[in-house]
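J.: sequence first, predicted model second:
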Amino acid sequence: MTRYLGLYFTRIGFSVATALIGVFFALPLVWFIFAPFNPRAELGLSIPEPFSLANFETVFQNGFAMRGLWNSLVQSVGGVILVGAGATLASYALSRSPIPGKSVITYILLLFSSVVSGSAAMVPIFLIINGIGLIDTQIAVILVFAGGLLPTAMFILRDFIDSIPKSYEESAMVAGASPVQAFFDVALPVIRPGIVVVVVWAFVSIWGSFLIPFILLRSSEKIPASVAIYSFYSEAGTPIVTLLAAYSLLYSLPVVILYLFASWKFGFRFFGGIKA
Amino acid sequence: MASIRFKGITKKFGEFVAVSDLDLEMHDGEFVCLLGPSGCGKTTTLRMIAGLETPTAGQLLIGDRDVTFLHPKDRKISMVFQDYALYPHMNLADNIAYPLKVRGEAEAKRHARAREVADVLKIGHLMERMPSQISGGQQQRTSLARALVYPSEVYLFDEPLSNLDAKLRLEARGFLNHLQRDMGMTAVYVTHDQAEAMALATRVAVMDAGKVVQYAPPMEVYRRPATTFVANFVGSPPMNLLPVEAMIADGALHLKADRVSVAPLPVSRAVAAALKGNGKLTLGVRPEHLSIARGGEANAITGQLFANENMGPEKLVTLERDDAARFTARIFTDDVIALDATVTLGFSSEHIHLFDQAGARLPMDGEPV
Ligand SMILES: Nc1ncnc2c1ncn2[C@@H]1O[C@H](COP(=O)(O)OP(=O)(O)OP(=O)(O)O)[C@@H](O)[C@H]1O
Ligand SMILES: [Mg+2]
């Protein structure tokens, strides 16, 4: 009997502990959802009273912040296109061609990429971009991101493509397809789930980055949301909580939407081959 | 349809020689089986015909065209892959019609043609399914349909039946045989199943370590295996082989081994050339040519009973000899045979095969070489 009682209390204790941990992590999220609709929001959690869209009105009137969201979109989409297309073609070539030492190439690129996108390389990157006259352009931001993310994207995709049987394209070519046709008709659709993973990952990485656009961009009309968010801090450096909350919610929406869209459309699952 | 010719084809992977100096001719309308153990270079040979592998040396002709360096798409061939290689994102209709799509055929027309072929193969009702939604046998027929949907000069098969269960395999084998009679296609078929090769081929190329050791019609390969390797590979169970002491005396060949008695044989020219007096030979007898000795047999072999397996119409009786070598007899009888611990098997002289020490066949006089 006492044994069961002990088990019973262990169980309750465990549930309470997990609930507490859950609450601890959920609270910021709840704040994040409530605060934007509360015209008197503070750092403490409170139910909006009255529930209002006044914060959003103010934010929408802030042209600088709104243009920031647009710039984020331009830079992210631009970067994603470069990373997606580049990584797909490069990793397909690396996976299918008999280049000797191709694994070494990928690993070396991977190693360097963590240096390139790290803050240690900021000075050289700035100097290079300055040298080729691209400072304070969106292209510069897009190129630097593409360069930094490509190796990892290639690494992920190559692994994925390696697991897809070569016989798909081979059977297409025997059937009369040129290598290009075989790639677009057969290989690409099979690789697509892998590309989606890379695209979502690249988008999220660029969308959330602060340091690179902060260093490479100067004019206020080119600055992305991750940097523009600082316009909701007062001169003294204290955040204007109400506006910051509303803007943060807007800022996070594209990422959430992209996740939902990708998982609805592609389910984030890999096709794999047909079982033998 | 077209013939295929290998002229001194060699394929190396790095330093490893997968196919070495292959000379082979396949006639128009022939069904050639490449038969051999795993790793002997069958798939590599087939892939060179398809253009998926480029020979290191030599020349390959399909019909009169030199295709040695031609891209697969320009070779007018069809191929059925071992893993079927069905495109997972296309339904069966699109899978089967893909070769027509590449050739610029309109959708309605190519789907109609795909349906025609699929109906022949009894998968016409599955055209809307995805490859992952059909059984293994249906996948196999889908890949076959895709190979047959357009006219080709040469049809290539890489162990297309190896992923099917035994019953489906027999069915598909019968179908392929029928298809070959029907279409008279030039086909090259890779298999390591000797029964499949026997059943389908007009000629069998038995391969070992990148070389063709015998290239002949199936019955020829069965009746007169060129080497002990072929003898050991073809037949189910394969031929029994036994090393013997050989000696020519009084114009006759005398074979000797422990607990074996063989009546003196006529000395053929090949035996005379191989022996020059006396030496060692290998004696071969097929299991189906052995019977339980009743006394008075010209030739007999004795050993301890090792296994006695009932196979339905026949029985496999295996005896083990002192040197652990085994001898299997295939006995067709409905009688219950009482076997003792010691068994003697008899065989007649016309069923004896002889091989020299290197394993090459020593033909009887008058035997076609
Ligand atoms: N791409 C390759 N690189 C290196 N070696 C290879 C390659 N392809 C095949 N080989 C080697 O060449 C030899 C012949 O291979 P192949 O695939 O032709 O054998 P196979 O007769 O078809 O055997 P299996 O019955 O197992 O399919 C094997 O030893 C194999 O390891
Ligand atoms: Mg093979």
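T.: Received the coordinates, thanks. Numbers count the residues shown, from 1 in each chain, chains lettered A, B, ... in the order given. Ligands and ions are numbered 1, 2, ... in the order given.
J.: neighbours of the residue of the stretch 251-369 of chain B found nearest ligand 1, how many?
T.: Using C-beta to the nearest ligand atom, the closest approach of the stretch 251-369 of chain B to ligand 1 is made by B:Gly359 at 20.0 Å. Heads up, the C-betas are built off the backbone N, CA and C, glycines and all. For B:Gly359, the count of nearby residues is 16 (other C-beta atoms under 10 Å in any protein chain shown).
J.: go on, B:Ile337?
T.: Quick note: B:Ile337 (other C-beta under 10 Å) scores 11 neighbours.
J.: do B:Gln214 as well
T.: 23.
J.: identify the residues contacting it.
T.: B:204-206, B:221, B:225-227, B:230 (C-beta atoms under 8 Å, 6 or more residues apart in numbering or on different chains).
J.: likewise for A:Ile33?
T.: Counting by C-beta under 8 Å, 6+ apart, the residues that A:Ile33 touches are A:Leu249.
J.: how far does the helix or strand hosting it sit from the chain's center?
T.: Element membership for A:Ile33, per DSSP states H and E: helix A:2-34. Centroid displacement of helix A:2-34 relative to its chain, using C-alpha atoms, centre = their mean, to the nearest Å, is 31 Å.
J.: hmm, the lowest-mean-pLDDT helix or strand in chain A in reach of chain B?
T.: Every helix and strand in chain A was compared by mean pLDDT, DSSP states H and E; the lowest is helix A:102-116, with a mean of 79. No. Using C-beta under 8 Å from any C-beta of the partner chain, helix A:102-116 never reaches chain B; the gap is at least 15.6 Å.
J.: returning to what we had before: which parts of the helix holding A:Ile33 are buried?
T.: A:31, A:34 (16 or more other C-beta atoms under 10 Å in any protein chain shown).
J.: with stretch B:117-133 instead?
T.: So, applying 16+ other C-beta under 10 Å, buried residues of stretch B:117-133: B:117-118, B:120-121, B:123-124, B:126-127, B:129-131.
J.: not counting its own residues, what contacts the following helix or strand past the least confident helix or strand of chain A?
T.: Counting by DSSP H and E, the next helix or strand C-terminal to helix A:102-116 is helix A:122-131. Under the contact criterion C-beta under 8 Å, 6+ apart, helix A:122-131 has outside partners A:116, A:135, A:140, A:144, A:211-212, A:215-216.
J.: quick one: stretch A:37-50 to chain centroid distance?
T.: 29 Å.
J.: what lies in contact with that stretch?
T.: Against stretch A:37-50 from outside (C-beta under 8 Å, 6+ apart): A:27, A:30-31, A:34-35, A:51-55, A:241-242, A:245.
J.: let me know the secondary structure of B:Val204.
T.: Three-state call for B:Val204 (DSSP: H, G, I helix; E, B strand; the rest coil): strand.
J.: on that earlier part again, drop anything exposed from the contacts of helix A:122-131.
T.: Here, 16+ other C-beta under 10 Å leaves A:116, A:135, A:140, A:144, A:212, A:215-216 buried among the contacts of helix A:122-131.
J.: lowest pLDDT pick from the contacts of helix A:122-131?
T.: Across the set of the contacts of helix A:122-131, A:Val116 stands lowest in pLDDT, at 64.
J.: do the longest helix along chain B and chain A meet?
T.: Longest helix in chain B by number of residues, with DSSP state H as the criterion: helix B:166-183. No. Using C-beta under 8 Å from any C-beta, helix B:166-183 stays clear of chain A, coming no nearer than 14.6 Å.
J.: if anything else comes up later, I'll come back, but that's it for now.
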